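Undergrad: after the sequence you'll find the predicted model.
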Amino acid sequence: MIELEHLEKRYKNAVPLADVNAVIHDGEVISIIGPSGTGKSTLIRCIDMLERPTGGKIILDGENICARGYDVTKARRKMGMVFQSFHLFGHLNVIENIMQAQVDILKRSKKEAYETGMKLLQRVGLASKENNYPDELSGGQQQRIAIARTLAMDPEVILFDEPTSALDPTMVGEVQSVIRDLARMDKTMLIVTHEMNFARAICSRVFYMDQGGIYEDGTPEQIFDHPQRDLTKRFVQNLRVLTLTIDGEYFDMAGAGTEIDCYCLQNDIPPRTKYRICLAVEELASHLLRPVLAHAPIRITVEYSGKDGNAEVLAFYGGDKFDPAHSGNGFSYQVLQSTVSSLSYRYDPDADQPNVVKVLI
């Protein structure tokens, strides 16, 4: 069991952790979510003592590991850390990467370390890569090796610091699959992630972090469906709906594309659907509406439903009645029409932005 009591981490110009309190029971799988800069990674780095807390206590199995004179290596032998960027040794092959710490720290024989390593490589689906070097592997494969290396040390607690954030989207699924398998092992796991559908599917508990601490703590159903506190509600709402505002003659499609990428990553949206969302936004904003509505603000919202896998893109704009079907750009309209499930237009004269284009994907 891990107990956090009034945990603080202060830097000269920032206070990521002001007062963190929690009890983490053995076998719990906890996702740590929240906006960037709210101390999510700092929290797990403090738990592993990679960052030394400024104040408070971390009590691991009844011992305060922050106490003066405590042997930190004793705590670290109970915990394993999986980083964003793998941190494999480039001069060692795969099996050597997994054997090294077993031999040096756990004092296992090379034979025992090799056998343990091969069992774990089989578990993560990479037994055939034992003699490859890290630079011969994809990012997803390297992260699976990093997970196997962590498991080889028999940790009681596994800490994941955004384990898929450095990966190409096509490789995220293979790493998530391994982590899902680990969640059945009865090990305590804390996972910092921006992928909300994954967090919801795998965890038994969620920490939403904000204002220097664990702002709200609850089940996935509570946090994602029925959040109790204002900042949690706002965060969850922003996850569900992406809003893009185009105000001016020029539209930064590259910037909008980055926002769409982040939204799709957070909501575990399949690549094909993501491509169609990007195409719909680009055709509407850059080719059908912006050339005609040179100075009128345009608001575009994107909402994805994980239950049925459908996405809805809405474009709202002011001015006189204007259906993009009559924009004069028949090619772009046909491209949009052929890409989406349905495309419709309506005009509501009583609304602030009476023109509405609705796209279903």
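TA: That came through fine.
Undergrad: got the contact list for the closest residue to S204 other than its chain neighbours?
TA: Spatially, and ignoring its direct neighbours in sequence, S204 is nearest to V29 (5.2 Å; Cβ to Cβ, 6 or more residues apart in numbering). The way it works is simple: take the backbone N, C-alpha and C, and place the C-beta from them, glycine included. Residues in contact with V29 (Cβ atoms under 8 Å, 6 or more residues apart in numbering) are 183, 188-189, 191, 202-205.
Undergrad: inside helices: which ones of these?
TA: Per DSSP state H, helices hold the following members of the contacts of V29: I202.
Undergrad: could you dump the contacts of V29 to CSV with distance to Q334, neighbour count and pLDDT?
TA: CSV is the format used below for the contacts of V29 (distance: Cβ to Cβ, whole Å; neighbours: other Cβ atoms under 10 Å; pLDDT from 0 to 100):
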residue, distance to Q334, neighbour count, pLDDT
A183, 46, 18, 87
T188, 55, 20, 94
M189, 49, 25, 95
I191, 44, 27, 96
I202, 42, 21, 89
C203, 44, 23, 93
S204, 49, 14, 93
R205, 49, 19, 96
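Undergrad: need the pLDDT of the residue nearest to S204.
TA: For V29, the model assigns a pLDDT of 95.
Undergrad: now swap in Y250 and tell me
TA: Per-residue confidence (pLDDT) for Y250: 68.
Undergrad: please enumerate the strands of the stretch 251-361 of the chain.
TA: 298-305, 310-317, 342-347, 355-360 (DSSP state E, counting those that start in this stretch).
Undergrad: any buried residues in the last one, and which?
TA: Right, strand 355-360. Within strand 355-360, the residues scored as buried using 16 or more other Cβ atoms under 10 Å are 355-357, 359.
Undergrad: can you give me the buried ones in stretch 104-121?
TA: 108, 113-114, 116-118, 120-121.
Undergrad: let me know the closest of those residues to E63.
TA: Nearest to E63, judged by Cβ to Cβ, of the buried residues of stretch 104-121 is R108 at 25.1 Å.
Undergrad: beta partners for the nearest residue to R205 once chain neighbours are set aside?
TA: Closest residue to R205 apart from its sequence neighbours, by Cβ to Cβ, 6+ apart: I30 at 4.7 Å. On the basis of DSSP bridges, I30 takes part in beta bridges with L190, R205.
Undergrad: next one: I30 from T232, what distance?
TA: To T232, I30 is 15 Å away according to Cβ to Cβ, to the nearest Å.
Undergrad: now do the contacts for the nearest residue to N267 once chain neighbours are set aside.
TA: In space, and not counting its chain neighbours, N267 is closest to Y304: 5.1 Å by Cβ to Cβ, 6+ apart. Neighbouring residues of Y304 by Cβ under 8 Å, 6+ apart: 240, 263-264, 267, 269, 273, 277, 310-312.
Undergrad: could you pull out the helices for the stretch 251-361 of the chain?
TA: Using DSSP state H, counting those that start in this stretch, the helices found in the stretch 251-361 of the chain span residues 253-266, 271-282, 330-339.
Undergrad: now do the stretch 51-200 of the chain
TA: In chain order, the stretch 51-200 of the chain shows helices spanning 72-76, 94-104, 110-123, 139-151, 169-182, 196-202, with DSSP H, counting those that start in this stretch as the criterion.
Undergrad: distance from the last one to the middle of the chain?
TA: Using Cα atoms, centre = their mean, to the nearest Å, the mean C-alpha position of helix 196-202 is found 9 Å from that of the whole chain.
Undergrad: okay, it in CSV with CA atoms only?
TA: Provided in CSV are the C-alpha atoms of helix 196-202 (Å, rounded to 0.1, in the frame of the first residue of the first chain):
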residue,chain,number,x,y,z
MET,A,196,-9.1,8.7,-22.1
ASN,A,197,-10.8,5.7,-23.7
PHE,A,198,-7.8,3.6,-22.8
ALA,A,199,-7.8,5.0,-19.2
ARG,A,200,-11.5,4.3,-18.9
ALA,A,201,-11.1,0.7,-20.2
ILE,A,202,-8.2,-0.4,-18.1
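Undergrad: picking that back up, now the residue nearest to N267: how far from N197?
TA: Distance of Y304 to N197, given as Cβ to Cβ: 10 Å.
Undergrad: got any residues that touch both of these two?
TA: Shared contacts of Y304 and N197, counting by Cβ under 8 Å, 6+ apart, come down to N267.
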